[in-house]
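Peer 1: From the sequence below, what's the structure:
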Amino acid sequence: MSRPGLAALMESMPADIAAAAGDVAAHASLLIGSPVTVAAWAENGWRALAGAGTGLAGLPPAGPPARRSDRRGLVAPPGTTVALCWDPDLHVDPGTRALLRQTCVWLSLAQAGLVAGGRVEDSDAEAEAVREVVAQLLSARDVDQALHTIAERTLRLLDSDICGVMLREDDVVRMRACVGNRVAETARLRMHRGQGVAGLVFLTGEPAKIDSYLDDETISNDFMSLAEKEETRSALAVPMRLQGEFVGVLEVWRRRRSTFTDRDVRRMVTLADFATVAIDNARLHDEQAAARADAERARDALQHQVSVLDRSSRLQHDLLTTVVEGGGLPSIVRSVAAELDCEIGVYGPDGTLLASHSGRRLVSSLPATVGRPDRRRRAAAGRSWVRPVYADGDHVGQVVLLPGGGPDEMMEATAGQIAMACSLALLRERAASRARAEAIEQVLWDLLQGPVEHRLAARTRAQQLGLALTGALRVVHGRIENVEDLAAEHGWDTSGTERLRRQVLRTVRTLDDGRGLGLASLRGDLLVAIASDLGRGEAKDLVNAFSAAVRTEWPDLRLTWGISREHHDVVDLPGAWNEARTALSAARRLGGENAFLYEELGIVRLLLGSGDDPDLQTFIDDVTGPLVAYDRDNDGALIRTLRTFFDADCSQRVAAERLFVHHKTLRYRLERIRQLTGLDLSRHEDRMRADFALRLLQVNQTAGDDGAEPG
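Peer 2: Purely as a prediction, here's the structure:
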């Protein structure tokens with residue numbers, strides 16, 4: 001409601017500037033949802049005309065801005081003496097700001113008109129004429145309308161026969177609006193500096209008047225012939241300035257000998273001032289209208305794009321549903337032809353037609369065969385969309401679309417989706433077993449490396465794949481030790497070594513006696529699998545059977561195995577994998593071709609475990625964690641005291657001397673250590689445990705697995 005209110009205000013000429021300012025403040029406050037202050041510049045500074053005074057502190061202190069002042073919480077167009085202020089933390093959209101700038105210009109013009117009317121000394125009629133001029137200028141809503149209004153009203157007020165508004169264009173001024181002329185050439189005038197009366201104003205920047213045009217020697221002779229055609233005798237021209245910059249010339253001519261008085265000059269200067277502000281107001285209006293038109297075009301384009309994307313999304317959903325439900329190429333082309341009303345053909349790698357549909361057409365325009373495309377393109381003969389189809393990394397054909405009732409944007413957006421759907425359908429037909437193997441591998445790594453929610457979801461997917469994860473679970477970790485040596489010995493290329501690795505993985509998955517592990521993966525020379533319900537002896541027998549089966553084809557191949565403890569929940573499998581890596585490291589370090597179980601390693605597992613090993617980290621944290629926390633929070637020295645105590649061969653006296661503390665202080669610290677950790681340092685077992693944990697904390701490293709690990 002407030003936006004139309006402001007627009008209606010700017011169509012009027014107020015009689016009271018204070019009342020007009022109050023109306024503006026009220027409408028603007030409703031428009032932006034926050035109090036708005038209307039401020040006006042006076043000789044001693046800015047003062048509030050209406051509103052509560054919000055935002056006045058942000059106004060320029062020196063006076064009306066010479067450059068556009070339009071920032072958060074403020075609009076004050078250049079050359080105006082009125083500003084609108086509000087809370088600077090409030091965001092106002094650009095369209096609303098443009099409307100508020102126009103309101104400032106309107107108030108400035110209204111204020112100027114009222115003041116100018118008050119200066120007229122002798123004639124109420126002249127005051128009314130000024131008011132009428134200002135009112136007409138206020139109603140101008142585009143530049144051409146404003147210029148025509150300026151010329152027409154100036155002609156009447158100055159009692160002249162011709163009036164023209166010339167605007168600056170680089171080094172010339174060009175006539176933009178002209179009324180009263182008889183010769184068309186007048187409306188097309190272009191003047192350089194010094195040419196004619198307007199050129200003289202352009203040169204000097206000051207008003208110029210000519211009482212006898214044909215006899216005057218102060219102006220150039222460039223337009224004498226035109227003056228004779230128009231029968232002009234006298235002229236008056238004044239500069240138009242905006243933000244202190246010369247923007248054009250306002251000029252009047254009379255077809256009679258006459259003398260323009262100083263009062264006429266003052267009128268013209270006043271009108272020129274009104275004109276420049278009105279031009280700026282019209283430009284602001286044009287900018288707002290252009291911005292609104294751009295926004296509408298952008299909105300229409302966006303709506304069209306959203307419509308295309310929505311339709312494309314629905315088609316993609318239908319195609320994916322078709323593929324998931326087992327539909328082949330005939331189902332896909334039928335769905336596409338029905339949705340897009342187009343012709344579609346799917347061709348094989350040799351260019352033969354595999355499936356097609358002509359939509360509503362009785363006769364198909366699709367070619368019987370096509371060549372293989374070497375890039376995304378449209379066919380040369382007529383419009384068409386051609387996309388390659390890939391399955392499992394191989395080029396298996398292409399899709400050809402011929403246009404129908406749908407827009408080109410829709411065809412362009414969906415061509416790739418259709419090719420993808422065909423790829424999925426062909427991939428489903430030719431690579432079901434490969435997809436199952438990849439799914440199994442993904443499940444495995446989600447179980448071993450994923451966060452808890454991924455592990456729980458992977459257990460469900462494993463059940464859907466027919467792989468039970470029940471009972472006690474172990475992670476089996478193997479390494480092919482000498483594949484590169486065998487490749488060098490036998491002269492294998494990369495394909496030969498990959499064949500050997502695939503054979504090892506196939507053996508683990510499908511051992512002949514039926515004990516294969518379905519959840520298995522090989523990355524480089526490292527193999528990982530998950531087994532269920534295997535005792536210690538059974539686990540070793542199984543991995544030995546794997547090694548024996550592989551050696552039937554490659555007798556010199558060496559395999560090393562590490563096996564985790566039993567775990568009864570998939571949530572614990574990352575820890576089980578870490579245990580298997582530690583056991584594999586022990587097997588490689590301690591005994592050639594062996595299979596080691598983690599639970600049989602004893603304290604060795606702490607020495608060989610990785611820095612992320614849960615047992616190792618828990619062991620360190622249980623002993624030193626409370627002491628480290630106490631020292632950090634209390635600026636204590638319990639860790640240093642314990643280390644010094646052990647370095648002094650557990651002598652309290654020697655330790656106290658080395659720490660430079662009283663022996664009672666040392667006894668207090670040792671008692672505090674006992675309270676925090678539960679360790680009795682008079683017992684050998686607790687001393688050894690504490691000493692070992694301190695050394696591990698100090699070194700902060702363990703012997704890890706030598707080889708690269710999957711991940």
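Peer 1: list the buried ones in the one helix or strand Glu657 maps to?
Peer 2: Under the criterion of DSSP states H and E, Glu657 resides in helix 652-659. Using 16 or more other CB atoms under 10 Å as the test for burial, helix 652-659 gives Ala655, Ala656, Leu659. Any C-beta I mention is one placed from the backbone N, CA and C, and that applies to glycine too.
Peer 1: For the next helix or strand after that helix, which helices and strands make contact with it?
Peer 2: Going down the chain from helix 652-659, the next helix or strand is helix 663-677, by DSSP H and E. Contacts defined by 3 or more CB pairs under 8 Å, 6 or more residues apart in numbering; DSSP states H and E place helix 663-677 against helix 614-634, helix 638-647, helix 652-659.
Peer 1: nearest to Glu438, of the ones you listed?
Peer 2: helix 614-634 (30.1 Å; CB to CB).
Peer 1: how close does the residue most central in space within the chain get to Ala293?
Peer 2: Nearest residue to the geometric centre of the chain (CA atoms, centre = their mean): Leu302, 17.3 Å. Separation of Leu302 from Ala293 (CB to CB, to the nearest Å) stands at 15 Å.
Peer 1: Where do the helices of the stretch 101-250 of the chain begin and end?
Peer 2: In the stretch 101-250 of the chain, the helices defined using DSSP state H, counting those that start in this stretch lie at 124-139, 143-157, 196-204, 224-230.
Peer 1: you'd agree Thr560 is in a helix?
Peer 2: No - going by DSSP: H, G, I helix; E, B strand; the rest coil, the assignment for Thr560 is strand, not a helix.
Peer 1: Could you measure from it over to Ala583?
Peer 2: From Thr560 over to Ala583 the distance is 10 Å, taken as CB to CB.
Peer 1: ok, those two, which is more surrounded?
Peer 2: Ala583 (32 against 24; other CB atoms under 10 Å).
Peer 1: looking at the sheet around the nearest residue to that one once chain neighbours are set aside, what are its partners?
Peer 2: Computed as CB to CB, 6 or more residues apart in numbering, the closest residue to Ala583 that is not its neighbour in sequence is Gly562, at 3.2 Å. Note on Gly562: beta-bridge partners His477, Phe596, judged by DSSP bridges.
Peer 1: what residues are up against Gly562?
Peer 2: By CB atoms under 8 Å, 6 or more residues apart in numbering, the contact list for Gly562 reads 476-478, 580-587, 595-596, 598.
Peer 1: Recalculate using a threshold of 10 Å.
Peer 2: Neighbouring residues of Gly562 by CB atoms under 10 Å, 6 or more residues apart in numbering: 475-479, 543, 577, 579-588, 594-598, 601, 608, 705.
Peer 1: Same check on Gln442?
Peer 2: Per CB under 10 Å, 6+ apart, neighbours of Gln442: Gly450, His454, Ala458, Arg461, Ser521.
Peer 1: Show only the entries of these found in strands.
Peer 2: Per DSSP state E, strands hold the following members of those: Ser521.
Peer 1: Weed out the non-buried ones from the contacts of Gln442.
Peer 2: By 16+ other CB under 10 Å, the contacts of Gln442 give Gly450, Ala458, Ser521 as buried.
Peer 1: Next one: the second one from Val277, what distance?
Peer 2: Here Ala458 is placed at a distance of 73 Å from Val277 (CB to CB).
Peer 1: Ok, the first one next?
Peer 2: Here the criterion is CB to CB. By it, Gly450 lies 69 Å from Val277.
Peer 1: Also Phe596?
Peer 2: Taken as CB to CB, the span from Phe596 to Val277 is 92 Å.
Peer 1: got it, and His357?
Peer 2: Here the distance between His357 and Val277 works out to 67 Å (CB to CB).
Peer 1: Output the below-cut-off pLDDT ranges for the stretch 501-650 of the chain.
Peer 2: 591-593, 601-619, 622 (pLDDT under 70).
Peer 1: mind running it again at 80?
Peer 2: Applying pLDDT under 80 to the stretch 501-650 of the chain picks out residues 512-514, 586, 589-594, 599-623.
Peer 1: Next: the stretch 101-250 of the chain.
Peer 2: Low-confidence regions of the stretch 101-250 of the chain, defined by pLDDT under 80, span residues 102, 105, 108-143, 145-146, 213-214, 217, 242-244.
Peer 1: one more time with 50, if that's ok
Peer 2: 117-123 (pLDDT under 50).
Peer 1: pretty sure Leu584 contacts Leu590?
Peer 2: No - using CB atoms under 10 Å as the test, Leu584 is too far from Leu590 to be in contact (11.0 Å).
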